[in-house]
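Asks: just need the structure, nothing else, for what follows:
(one chain, ligands or ions: 2)
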Amino acid sequence: MNSSQEKTGRISEVRKNSYIISSEGREFLATLRGRFYTEDAESFPVVGDYVEFVPESEDTAVIQSVCERKNILQRPDQAKTGVMQYMVANVDYVFIVTSLNEDYSYNRIARYASVAIQGGAVPVAILTKCDLCNNIGRYIREVESISDKIRVHAISAIYGIGLDELKEYFEPGTTICLMGSSGAGKSTLINAITGKEVMKTSEVRESDSTGRHTTTHRQLIDIGNGVSVIDTPGMREIGMANMQDGIDDTFSDITELENMCRFSNCRHDTEPGCAIKAAIESGELSEERYMLYKNLGAENTRNYAMKKAVSKWSKERKKFNDRNNIF
Ligand SMILES: Nc1nc2c(ncn2[C@@H]2O[C@H](COP(=O)(O)OP(=O)(O)O)[C@@H](O)[C@H]2O)c(=O)[nH]1
Ligand SMILES: [Mg+2]
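Replies: Ligands and ions are numbered 1, 2, ... in the order given. Coordinates of the predicted model:
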């Protein structure tokens, strides 16, 4: 096939060895051209990527290349494997959706905010089900204290409270990535904003979690008016369920950098050989995310020794893997 048949589309779903591309209202089931497999993880398409592809039939295609990304959100090394996981690309806003009941977790909001900030997207905390809560102000202030980069809104999708405040995020051309536990009210929120049933919702049984509809894979949905929404299963649902709900796993990359400073008591201030400052200068670490870590770190000093131990262990393991060619 010649290049004149090449088209551009957007990845809406990533499956095991294939991809779904949306292009001009059509969907293609696509594979990658062979060259991808000689490249590193970052060059593989993720949900939200724009790609060049060649159709092979009515509904199948081969992806030729990934277009330049505006940004990419990645999960920090929480599996302690040293491998970054690329999640979604070309995201403007990360909606951190948490309901104002027992689902609320300060640390989880901080963890999602960290992912957004590092990727260059705006973190927007959406505190849902405010109709069920009578001390909303306290939660808003607490979330605002996480970082001055986080925007916060308390809403009720069912009673239509606070939805007007969110209109500014739904400008044509925008991509919003939803993050949060299942049952937090993500789908109900999007349906309330659009006034249509664009996403499936599910009943939550408060007594147990059976019957919950869980999104098992990321999916990009065109909700109309030029806005795309990416629904994610949430980090907790994809492998973090058994991990301490703390900040240690979110920032293990930073604690690893700290271990690389020339002086073990480096305050990352004026000391020579500071790995943190070098990483900020090179752009490897965003300054805002480092500030977020510091703010949270102050409240979590008791976790510090554990964080260091984990990062030391992960470094040793990486050395072992490198020596033995394990990737
Ligand atoms: N009281 C109340 N319930 C809500 C609100 N928004 C969603 N829910 C309920 O929460 C449950 C889960 O909602 P859903 O949108 O499917 O959550 P998702 O898994 O995050 O997409 C459903 O039973 C909704 O009716 C709200 O603003 N107030
Ligand atoms: Mg949902």
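Asks: so who does Val152 touch?
Replies: Neighbouring residues of Val152 by CB atoms under 8 Å, 6 or more residues apart in numbering: 124-125, 127, 140, 143-144. Just so you know, the C-beta spots here come from the backbone N, C-alpha and C atoms, and that holds for glycine as well.
Asks: most surrounded residue in those?
Replies: In terms of neighbours by other CB atoms under 10 Å, the contacts of Val152 top out with Leu127 at 27 neighbours.
Asks: what average pLDDT does stretch 152-165 get?
Replies: When pLDDT is averaged along stretch 152-165, the result is 96.
Asks: how long is that stretch end to end?
Replies: Length of stretch 152-165, first residue to last, CA to CA, to the nearest Å: 10 Å.
Asks: taking the stretch 101-250 of the chain, what residue is nearest to ligand 2?
Replies: The stretch 101-250 of the chain approaches ligand 2 most closely through Ser187 (3.4 Å), counting by CB to the ion.
Asks: need the residues that contact stretch 153-168.
Replies: Contacts for stretch 153-168 (CB under 8 Å, 6+ apart): 100, 124-131, 133, 136, 139-140, 185, 188-189, 191-193.
Asks: filter those to the buried ones?
Replies: For the contacts of stretch 153-168, a burial check counting by 16 or more other CB atoms under 10 Å picks out 100, 124-130, 133, 136, 139-140, 185, 188-189, 191-193.
Asks: and whichever strand or helix holds Asp253, what does it pack against?
Replies: In this structure, Asp253 sits in helix 252-259 according to DSSP states H and E. Where contact means 3 or more CB pairs under 8 Å, 6 or more residues apart in numbering; DSSP states H and E, helix 252-259 is packed against helix 275-282, helix 287-299, helix 304-323.
Asks: tilt between the shortest one and helix 252-259?
Replies: Meaning helix 275-282. Calculated by axes from the mean of the first three to the mean of the last three CA atoms, to 10 degrees, helix 275-282 forms an angle of 120 degrees with helix 252-259.
Asks: show me what helix 275-282 is packed against.
Replies: Counting by 3+ CB pairs under 8 Å, 6+ apart, helix 275-282 packs on helix 252-259, helix 287-299.
Asks: and of those, who's closest to Asp148?
Replies: helix 287-299 (8.8 Å; CB to CB).
Asks: re the thing from before, restricted to helices, list the contacts of stretch 153-168.
Replies: Among the contacts of stretch 153-168, the members falling in helices (DSSP state H) are 136, 139-140, 188-189, 191-193.
Asks: need these in JSON lines (columns: pLDDT).
Replies: Shown next, in JSON lines, are the ones in helices among the contacts of stretch 153-168 (pLDDT from 0 to 100):
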{"residue": "Ile136", "pLDDT": "94"}
{"residue": "Tyr139", "pLDDT": "94"}
{"residue": "Ile140", "pLDDT": "95"}
{"residue": "Thr188", "pLDDT": "95"}
{"residue": "Leu189", "pLDDT": "96"}
{"residue": "Asn191", "pLDDT": "95"}
{"residue": "Ala192", "pLDDT": "95"}
{"residue": "Ile193", "pLDDT": "95"}
